[in-house]
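J.: This is the structure alone, sequence omitted:
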C-alpha cells in the first residue's frame, strides 16, 4: 500500500460527465489498495473565459489579480470532483492550493514551489479519504495566492508525489502514452512502454505536449516514476523512470519534430570584431528564445554565427539586432524562414557513435537537405526545409526501425 | 478622514460594465477623503450556475464542498473589480475571506463570524489602497472555507465596518433607499431619510428585501451607521442609525406587508389539556417558522391557540401537528389560508398610545376585516384577507400621512 498521485488536465474534467468518469477512475485506483491523491486543472475552456473577462477590463491586468481570478477555475473542479466521489460512495475531500500547503515564492503567474506542508493531506489520507487538490496554484508565506504558470498542474502533481513519497505520479490525459513519434504525421508509430526522464525531456514537444518539461525535471530530481496515460480507461500508458534495461532497448527511442523555425545568420568581415555574447545578451533581454547555435570562422578571417528561433519571434529578433548593429559590430544579417527541426532521441546513443552518421546518410539518400546539425549525448537534431519535415521524420522512423516493439 | 465600507450585491456587479461603474463609485468615495473598503457578492446569476452544476452531480452535495464551490463566485468578482480600479488609476488590492481574516465557526453554509483579523486590510488601507473583500465567505480556525448563508455579504460588510470602526457602511443596491412602503403597490410613497435599527428590522421585508435582518442586528449591536442607497449614482439613500430627532419624526414611519400567510387554530375542549409549548417545540424541530401567536381561553373552559406561518410551510406544519396529536392533546385543528400581514412601524409609537386604535378604525372604516392583531413597542401588525392587503396598506399610508416628507 502506498500513495498514488493522479493528475487530470482540463480536457479530462471539461464536463460534469467527464468529472464523473474521473471520479470512477480514482475509485478504481483506490480499490487497488492505494491511497489516492488527485490533482486537477480548471474545467475545459473555463480559464479562457476568465481571461476574456479580464481582458475586457484591462489590456495588462495585474498579475496578482490574474492569479486571484484564475485560481477559481481549479477550485470549482475540486469541489465538483469531491461531490462526484462522494455521490459514488467514496470518502473524499477537496483542498485548494493553500489548504494543501503548497507554498510558493512570491512571483505571480509563474511561481516556483518552495515547500509543501502536507499535514492536512496526510491526515485526510489516514482517514481513508481520496484527496482532491487544486493544481496550478499555491500560496506565499504571507498569504498571497499564486499560480505556477504553464504546465502548473503537472508540477503540482509531481511535487506532491515527491513530498508524499508516492509510488508513482500518473499524468492522465487525452493520449494513451508517449509514441515513437507523432502518429498524426508518421506511419508505423508505436506507444513506448518506458522512457528515461532525459529522453522524455527531449521528446517533450511530442504527443500533443503531454508533459511540461518543468514537471519532468522535477520528477527526475526526486526520482518519481511518471506515467503518461489515458484519463478514462484501464490501459497502461508510458512509464518514465530512471532505470531502464538498456541492453534490450533500441538506440533511438523516438523522433521529435517541430516546424515554424527560422535561421538567422550574422556575418562579420573580421573575426576579431565578433561580439557573440552581446548578440545573445540583447536577444535574451528582449525575451527572444534561441535554440541551435553554430559559430564559424572562415579561412579568410571572416566570421559568422547562425542560430535558430521560432519564426514567430523573427521580427522582434531582427529589430533588436538592427538596433544594436553598432555594438555587435556585424557587417551583414540574413535570415531563412520555412525551416523545421527533426531530432532523434535515445539514451543508448552515447555508446553508439555511428548513429548520427546513419541519420545524415538516410536523410541525404532521401534528398532531404540538412541545413544545421546539433548534438547532445542523447539527441541529434537537424534543421531541414519545412516541406521535408514529415518525410524526414518518416525516413528516420523507418531507418531506425521504431515500428518494431 | 475615516473608513467607509461599501457593499455591492450581485446585481450591482452582474457584468463587466457594472463592475466598472462600481469601481467609479468607489473612486468617488475615495476622492471625498475616505479610506474605502468594498465588499462584493458573486456576479449576477453566477451562483445559480454553480448550484446547477452541483445538482447535476448530487441531489444532496456535501455542505463543505458547496462552500468550496460557491466561494469562487465572490473571488471572481473581487479580482475583476480590483483590475477595474487599477485600470482607472486607483491603487487597489483584493482579498478573499481568509485573506481578509474573517474567521467563522465551523458550520458550512450558514457560519457566524467569530472574529476578524484585520491586519492585512489595515496595512493595505495605510498604503492608500482601496481594499476589495469577498463577501459571504470566511475561514475556520483550522483552514476550512465557510459561507455565511443568506444576506452573507451584508453581514461581511457590517462586521468589517464594526472591526474597522468605520464612519458608515453603505449597502449599495438597485433601490435608492428604504421607502415608507413598497412603491410597486402603494401610491404616494416617499423615500425615508433616516430610520432606527429597530424600525429597519421591522421593515426588513420592504424595498425588495434590501437588507438582511442579521446585518441590521449586527449594525445595531456595534452602532455602525448603515446607508441603503443606489449602487451607481450620487443620490443619497436612507441612513439607519440609533439617534433620531424624534420630535421631528412621524409616529408611523413605514408600512410593511406580506402575503402568502396562513393561520392555524388549535382547539382544546379543556384548557387544562393545552400543551402549548409542545406545539412550538415540535414545529421548531421540523423547521417550521411561526410568526404571530395568540392564545385564548373561553368562559366555558375551552382553550384555543392561533398562529400564523407562511402558507408554503402549511403542509409540513399540519403533518407535524397530526403526528403529535396525542402528545399535544388537542381536539380539533383548523387552518385558514389566503391571508396577509400588514404592519405599521415607527419608534415614536411607544409614546403615542392612540396609534393602534387609529389603525384599526381606518381598516374597519374601509371594510378590511382584521383577523389577528399583534403589537410590539414600535409595531402594530394585523392579519387581513390577502385580497385586502394592498388596499389596507394604501389606507394606512394615507391615514398616517406618510406621503408628506
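T.: Thanks, I have the structure now. Please read all numbers here as calculations on a predicted model, not as lab measurements.

J.: Helix or strand: which one has the closest residue to chain B within the stretch 151-300 of chain A?
T.: The nearest approach of the stretch 151-300 of chain A to chain B comes at residue A:232, 16.4 Å away (Cβ to the nearest Cβ). Where you see a C-beta, it was placed from the backbone N, CA and C, and this is true even at glycine. Residue A:232 is part of no helix or strand when elements are defined by DSSP states H and E.

J.: And it, how far from residue A:212?
T.: 21 Å (Cβ to Cβ, to the nearest Å).

J.: In three-state terms, label residue A:39 for me.
T.: When classified by DSSP: H, G, I helix; E, B strand; the rest coil, residue A:39 comes out as strand.

J.: isn't it right up against residue A:8?
T.: Yes. Counting by Cβ atoms under 8 Å, residue A:39 does reach residue A:8; the two are 7.4 Å apart.

J.: For the stretch 51-200 of chain A, which residues are neighbours of chain B?
T.: Listed as neighbours of chain B in the stretch 51-200 of chain A under the rule Cβ under 8 Å from any Cβ of the partner chain: A:53-54, A:56-58, A:61-62, A:64-66, A:68-69, A:71-72, A:75-76, A:78-80, A:82-84, A:86-87, A:93-94, A:96, A:98-99, A:120, A:143, A:145.

J.: Quick one: buried ones out of those?
T.: Those of these that meet the buried threshold are A:53-54, A:57-58, A:61-62, A:64-66, A:68-69, A:71-72, A:75-76, A:78-80, A:82-84, A:86-87, A:93-94, A:96, A:98-99, A:120, A:145, by 16 or more other Cβ atoms under 10 Å in any protein chain shown.

J.: Check which residues of stretch A:227-238 are buried.
T.: Within stretch A:227-238, the residues that qualify as buried by neighbour count (16+ other Cβ under 10 Å) are A:227-231, A:237-238.

J.: Averaged pLDDT, it. What do you get?
T.: Average pLDDT, stretch A:227-238: 88.

J.: now, which of the buried residues of stretch A:227-238 sits nearest residue A:126?
T.: Using Cβ to Cβ, residue A:227 is the member of the buried residues of stretch A:227-238 that sits closest to residue A:126, with 24.7 Å.

J.: Assign that closest one to helix, strand or coil.
T.: Residue A:227 - assigned by three-state DSSP - is strand.

J.: Equivalent analysis for residue A:176, please.
T.: coil.

J.: next one: residue A:255
T.: Taking three-state DSSP, the label given to residue A:255 is strand.

J.: And the pLDDT for the closest residue to it other than its chain neighbours?
T.: Leaving aside its sequence neighbours, residue A:255 sits nearest to residue A:181 (Cβ to Cβ, 6 or more residues apart in numbering or on different chains; 4.0 Å). Residue A:181 is assigned 90 on the pLDDT scale.

J.: What residues does residue A:181 make contact with?
T.: Counting by Cβ atoms under 8 Å, 6 or more residues apart in numbering or on different chains, residue A:181 touches A:189, A:206, A:254-257, A:393, A:397, A:402.

J.: Turn the residues you listed into TSV, including neighbour count.
T.: Supplementary listing: the contacts of residue A:181 in TSV, determined by neighbours: other Cβ atoms under 10 Å in any protein chain shown:
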residue	neighbour count
A:189	21
A:206	26
A:254	27
A:255	28
A:256	20
A:257	22
A:393	23
A:397	23
A:402	24
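
J.: Tell me which two in the residues you listed are the farthest apart.
T.: For the contacts of residue A:181, the maximum inter-member distance is 13.3 Å, found between A:257 and A:402 (Cβ to Cβ).

J.: pLDDT score assigned to the residue lying farthest from the centre of chain A?
T.: Largest separation from the mean C-alpha position in chain A: residue A:300, at 43.2 Å (Cα atoms, centre = their mean). At residue A:300, the pLDDT value in this model is 80.

J.: quick one: it is in a strand?
T.: No. Read with three-state DSSP, residue A:300 is coil and lies in no strand.

J.: my read: residue A:62 touches residue B:86, true?
T.: Yes. Between residue A:62 and residue B:86 there is a contact at 5.7 Å, judged by Cβ under 8 Å.

J.: The stretch 51-200 of chain A: helices as residue ranges?
T.: In the stretch 51-200 of chain A, helices defined by DSSP state H, counting those that start in this stretch lie at A:63-87, A:119-126, A:152-163, A:197-202, listed in chain order.

J.: swap that for the stretch 201-350 of chain A, please
T.: Secondary structure of the stretch 201-350 of chain A, counting by DSSP H, counting those that start in this stretch: helices at A:213-222, A:276-285, A:314-323, A:325-328.

J.: Can you tell me the strand partners of the worst-scoring helix or strand of chain A on mean pLDDT and which way each runs?
T.: Here the helix or strand of chain A ranked lowest by mean pLDDT, DSSP states H and E is strand A:293-297, holding a mean of 83. Using DSSP bridges, the strands paired with strand A:293-297 are strand A:303-310 (antiparallel).

J.: Check what contacts the strand it pairs with and list those residues.
T.: Here strand A:303-310 has contacts from A:260-268, A:270-271, A:273-274, A:276, A:279, A:288-298, A:317, A:339, A:341, A:372, A:383, using Cβ under 8 Å, 6+ apart.

J.: okay, the angle between that strand and helix A:276-285?
T.: With axes from the mean of the first three to the mean of the last three Cα atoms, to 10 degrees defining the directions, strand A:303-310 sits at 20 degrees from helix A:276-285.

J.: and strand A:303-310, what's its mean pLDDT?
T.: pLDDT averaged over strand A:303-310 gives 92.

J.: what's the angle between that strand and helix A:314-323?
T.: On the basis of the same axes, to 10 degrees, strand A:303-310 is oriented at 150 degrees to helix A:314-323.

J.: hmm, back to that, what values do phi and psi take at the residue nearest to residue A:255?
T.: phi -160, psi -180 (degrees, to the nearest 10).

J.: surely residue A:36 meets residue A:2?
T.: No. Judged on Cβ under 8 Å, residue A:36 makes no contact with residue A:2 at a distance of 10.5 Å.

J.: Could you check which of those two has the larger neighbour count?
T.: A side-by-side neighbour count of residue A:36 and residue A:2, using other Cβ atoms under 10 Å in any protein chain shown, places residue A:36 first with 25 against 11.

J.: So is the strand or helix carrying that one next to chain B?
T.: Assigned by DSSP H and E, residue A:36 falls within strand A:35-40. No. On the criterion Cβ under 8 Å from any Cβ, strand A:35-40 is out of touch with chain B, staying 12.7 Å away.

J.: between that strand and helix A:152-163, how big is the angle?
T.: 160 degrees.

J.: Strand A:35-40 vs helix A:63-87, what angle?
T.: Using the same axes, to 10 degrees: strand A:35-40 against helix A:63-87 is 130 degrees.

J.: need the contact list for residue A:75.
T.: A:96, A:134, B:68-69, B:71-72, B:75.

J.: Surely residue A:186 and residue A:395 touch.
T.: No. Contact criterion Cβ under 8 Å: residue A:186 and residue A:395 do not qualify, at 9.6 Å.

J.: Next one: residue A:214, what pLDDT does it get?
T.: 83.

J.: before we move on, what about residue A:207?
T.: pLDDT, residue A:207: 39.

J.: How about residue A:143, nearest residue that isn't a chain neighbour?
T.: Going by Cβ to Cβ, 6+ apart, residue A:143 has residue B:99 as its nearest residue, at 5.6 Å.

J.: Likewise for residue A:261?
T.: residue A:339 (4.3 Å).

J.: how close does the one you found get to chain B?
T.: Residue A:339 is 40 Å from chain B, where distance means Cβ to the nearest Cβ, to the nearest Å.

J.: try residue A:133
T.: 12 Å.

J.: ok, residue A:175 - how many residues close by?
T.: 19.

J.: Need the nearest residue in space to residue A:169, chain neighbours excluded.
T.: Per Cβ to Cβ, 6+ apart, closest to residue A:169 is residue A:161, 3.7 Å.
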